[in-house]
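A.B. asks: Please find the sequence and the predicted model below.
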Amino acid sequence: MTRTHHLHMKEVIAWRSTASIVWSALLLPMLLSACLVVIRIDLLHPYVWFIGCINDFFSISMVLINFVIIFITICVAAFNPKFCTVSPIIPCNRLSILWQTINPYRLFHATCHSLAAAVITACLIYLSEPNSDFLITECTEDNECIDEKHLFIMLHGIVLGFCYSLQYFWNSENYITFPVIQKAKFLRVKGHIKRCVINSVWKTWRIMKYFYVAYFVFGSWNSASLKTLWFLVDFSLFWSVLLSGTFIFTSWLLALHIFKVYNTEAFVFPVETTFAEDEHKCLTRVLDHTNVALVKYLGYLDLSILSEHSVKRRKQIFSLSDPGGHPHSWDSVCKDCLMLIRSMASNLDIYQDILQSDMLSGDTTQDLFRQNVNITSPGASFNSSYAHKAMSPQRFESPRPEPQTEVVKRLNFKGYKPDPRQQSMNNSVQSPTFTSNSTLSRNGADKTMVSSGRSRTSFGDRIDKMLSYFRSPLPVAVRRQLFADAQLHIWALTGLSRLVAASYSEDDFGVVQRSLPDILSSMLELHTALDKYCKLPVPSTQMSKQTKSSVHQGEQMKNALRETVKSAIYRIVTTFGPSLKYVKVSSDNERQLSQFMQGKV
């Protein structure tokens, strides 16, 4: 496993990430030259503007600044392989959201990007005004002061780098999505440049609005310079800030996009190999044994592509081993695909069973799903080999306290156990006797102790409620987690159904027919589970714009998976026709299969 992991990191991921960083660095001189032309723009003197830009392109300072910016961009792009993911990170409760915000790795990411943005901004300030000192200007003949305009641009660069890091995680920009249609890398990058520049201008403008107001109110060092109305309408300052922010965002977002383009390109894994030492490179090993998520996605993408376009590689999957005559390749591919399909069906069944148990027990964690829900699906268990991706029932349920009174529950939370004397005091308070002065004084002391106990228990109750608020599961997150890795299931369904359809004419040994009942049963069960899930009501909670976008993406994956299941079953039914009547499946699956054969689904 260690050798396979090292090979995949070296041959599949490392060289692709390195190539993306190199191309990002090669594009920087062109971006910097375009930025210089726009910074030095002078429409009243176009000849002087043109000659000045040409001279600056080949100056030593320009070459040094190029090297500095390229080095900084390479350091920033090196974070992408560490933080990018093929499966969206979905926090299950508010405590997870809080931890993700203050995660030390993310704080380090934000600090490094802030420093990188500050260095790049300093380089751009020098390009715009090469004859001026960096942050120093002359106030009088004998005194020097801080150049507050340059300081303003520098601070904006630092804030911009920090905001880029926040948006990198909050907007899931580190999430790698695979294109539906594989195109050449050049075309994908070329078509993204214009959108990247427009997006960079928009992001810079959004940050500038708040930074201008914050600096004008709190940050001005010299009230005579930037705390005036002229500061708000200074076009040269506005233009410099906008261009520097646009350049930083464009260079970093373009580097991120190139990284995604390289790592989502299809990789061809060999189906079989002649040498035993290269067996870990085969497609069957990638689907089964790899613990690198990106390589696993590339493996299922390769399976989906070969099942449609490569007759030679399909023949290798249908072939028998020599010696022995066993269909090892087909058995391995079929087992891995069915494992994914069954895990999704099990997850959906468990989710519906938990909703049913919540309704019967009166739990308050799923109030959004209680109205008009009729759940009849049987219970299911997760596949052990995919348990790290599946949601366990504990993730849907909140801890329910044991039946006890509120006072005892709060005292237990504080770690205090009432003794018999305090219970007798409470009884005396509830039914006091006024027979003597000593009794009255004792009852007064009892009331004082009870009031102090109530204050302690009220504090414990607030802490308990706060912890429950942060630890309670989010219903929207639960639904999103169900389809977090739906792309794998889509490729598995597509590749498996196409292989089954191709086996009708290409499988000379009949290796696929042995697995046909299991394949049909798994697909039909997944189709049934998806139909039941789609009938559940969608929660109507108030969500942020980011959460709405993520939920919309989850709904798209759900609909795509549902259509893929239906297409896969129809593909098999169309290929085999009436012969499927003799396939042994359960009575429920047989009834559903007949509906597909009649075209009623």
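C.D. replies: Right, received. Where do you want to start?

A.B. asks: Provide a list of residues in contact with Thr121.
C.D. replies: Ile153, Met154, His156, Gly157, Ile158, Ser244, Ile248 (Cβ atoms under 8 Å, 6 or more residues apart in numbering). All C-beta atoms are positioned from the backbone trio N, CA, C, and that covers glycine.

A.B. asks: ok, now with 10 Å
C.D. replies: 150, 153-158, 160-161, 240-241, 244-245, 247-248 (Cβ atoms under 10 Å, 6 or more residues apart in numbering).

A.B. asks: Pro88 too?
C.D. replies: Applying Cβ under 10 Å, 6+ apart, the residues contacting Pro88 are 172, 174-177, 480-481, 483-485, 550, 553-554, 557.

A.B. asks: repeat that with 7 Å
C.D. replies: Taking Cβ atoms under 7 Å, 6 or more residues apart in numbering, we find Pro88 in contact with Ser172, Tyr175, Ala484.

A.B. asks: Now it: closest residue in space, sequence neighbours ignored.
C.D. replies: Tyr175 (5.1 Å; Cβ to Cβ, 6 or more residues apart in numbering).

A.B. asks: what packs against the helix or strand hosting Arg480?
C.D. replies: Using DSSP states H and E, Arg480 sits in helix 475-482. Applying 3 or more Cβ pairs under 7 Å, 6 or more residues apart in numbering; DSSP states H and E, one finds that helix 475-482 makes contact with helix 328-361, helix 545-576.

A.B. asks: hmm, back to that, which phi and psi does the residue nearest to Pro88 have?
C.D. replies: Torsion angles at Tyr175 (phi, psi; degrees, to the nearest 10) stand at phi -90, psi 120.

A.B. asks: Run through the bridge partners of it.
C.D. replies: When assigned by DSSP bridges, Tyr175 has beta-bridge partners Thr85.

A.B. asks: surely it meets Phe83?
C.D. replies: No: with contact defined as Cβ atoms under 7 Å, Tyr175 does not count as touching Phe83 (10.3 Å).

A.B. asks: what residue ranges in the stretch 1-150 of the chain score low on pLDDT?
C.D. replies: By pLDDT under 70, the low-scoring segments of the stretch 1-150 of the chain are 1-10, 131-134, 137-144.

A.B. asks: Could I get the full set of strands for it?
C.D. replies: Assigned strands in the stretch 1-150 of the chain, in chain order: 136-138, 144-146 (criterion: DSSP state E, counting those that start in this stretch).

A.B. asks: all helices for the stretch 101-250 of the chain, in order.
C.D. replies: Secondary structure of the stretch 101-250 of the chain by DSSP state H, counting those that start in this stretch: the helices cover 104-128, 148-170, 185-214, 229-232, 235-263.

A.B. asks: out of the ones you listed, which comes closest to Tyr533?
C.D. replies: Of all the helices of the stretch 101-250 of the chain, it is helix 148-170 that lies closest to Tyr533, at 28.1 Å by Cβ to Cβ.

A.B. asks: Can you name the residues in contact with the closest one?
C.D. replies: So helix 148-170 is contacted by 106, 109-110, 113-114, 116-118, 120-122, 125, 134-135, 173-174, 207, 211, 215, 221-222, 225-226, 237, 240-241, 244-245, 248-249, 252, 546 (Cβ under 7 Å, 6+ apart).

A.B. asks: Good, wrapping up.
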